[in-house]
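A.B. asks: Here is my input, please return the structure:
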Amino acid sequence: MSDDHAANPRTLGKCICIITGASKGFGRALACEVSRSVMPGSILLMVARSGMLLQELKEELQSFTEEHKLVVRCITADLTTREGVNDTVAAVRQEAADEMDHVLLVNNAASLGDISRFVNFTDFDKVNSFLSFNVSSALALTAGILKALPCRAGLRWTVVNVSSLFALQAMPSWVLYCTAKAAREMMFRVLAEEEPNIKVLSYSPGPMDTEMQQEILRLTGVSRHLLPCQEPAAKLTKLLLDNSFASGTHHDFFED
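C.D. replies: Next comes the predicted model:
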């Protein structure tokens, strides 16, 4: 850990941060928050399918990143595919991480899936496709990046799983979404048990003003109070800065 970080613990250190689903919504807001919370010389890797939206975000961050010497890279990859996962891991491997004292991986990319009753899910391929993106992809990506940037003395590692209340609570007609979120929660709890040198956090940001919530409203007709994405992003960044959470635990935006 650098002397500067030891003198100023209210930063994430000289960090290489990887955020999936970074082009919009919560991922975009979190990229903005993290960029203000790392030390000069840090690297922010933003991953999403839309290269155009990533480039727009990079340009939005440019004046700040130039002032603070933050390197921002866009990784255009479709994490629903094996190639997208492999390309992302390869891009991470190319970064010079030897000078970094913190690796932060935020598994944010996910999808809503079909909101329908249990008995309607007879299409094996449809179920597998959803679980492949929402569970298998996050597992393979995390494992790949851990191998690309292995733990070593002086390197802090943090993995964030962007979770949901539905990881813990069953909801009728939400079988795919609940199943995927619950599986991811357990998957990252296992990582926390296996790797005591890695801090693992499952974070539920609450209902946010995103395209996913607009789709939920269209499908269900249920209106909810929605949070601006910046608020849960700021809360997660504070949790990471405090670094007082127990590894493997679940934290909700509405918790104190």
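
A.B. asks: Can you show me the helices along the stretch 1-150 of the chain?
C.D. replies: 3-7, 25-35, 51-67, 82-93, 124-131, 137-148 (DSSP state H, counting those that start in this stretch).

A.B. asks: Tell me which of those helices lies nearest to residue 227.
C.D. replies: Among the helices of the stretch 1-150 of the chain, the nearest to residue 227 by C-beta to C-beta is helix 25-35 (9.7 Å). Yep, even glycine has a C-beta here, placed from its N, CA and C like the rest.

A.B. asks: follow-up on the earlier one: redo the helices of the stretch 1-150 of the chain as JSON lines? Include distance to residue 41 and mean pLDDT.
C.D. replies: Below are these laid out as JSON lines (distance: least, C-beta to C-beta, whole Å; pLDDT from 0 to 100):
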{"stretch": "helix 3-7", "distance to residue 41": "10", "mean pLDDT": "43"}
{"stretch": "helix 25-35", "distance to residue 41": "13", "mean pLDDT": "97"}
{"stretch": "helix 51-67", "distance to residue 41": "11", "mean pLDDT": "90"}
{"stretch": "helix 82-93", "distance to residue 41": "17", "mean pLDDT": "97"}
{"stretch": "helix 124-131", "distance to residue 41": "39", "mean pLDDT": "97"}
{"stretch": "helix 137-148", "distance to residue 41": "19", "mean pLDDT": "98"}
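
A.B. asks: closest one to residue 43 among those?
C.D. replies: helix 82-93 (9.5 Å).

A.B. asks: Packing partners of the closest one?
C.D. replies: Contacts defined by 3 or more C-beta pairs under 8 Å, 6 or more residues apart in numbering; DSSP states H and E place helix 82-93 against strand 15-20, strand 43-48, strand 71-76, helix 137-148.
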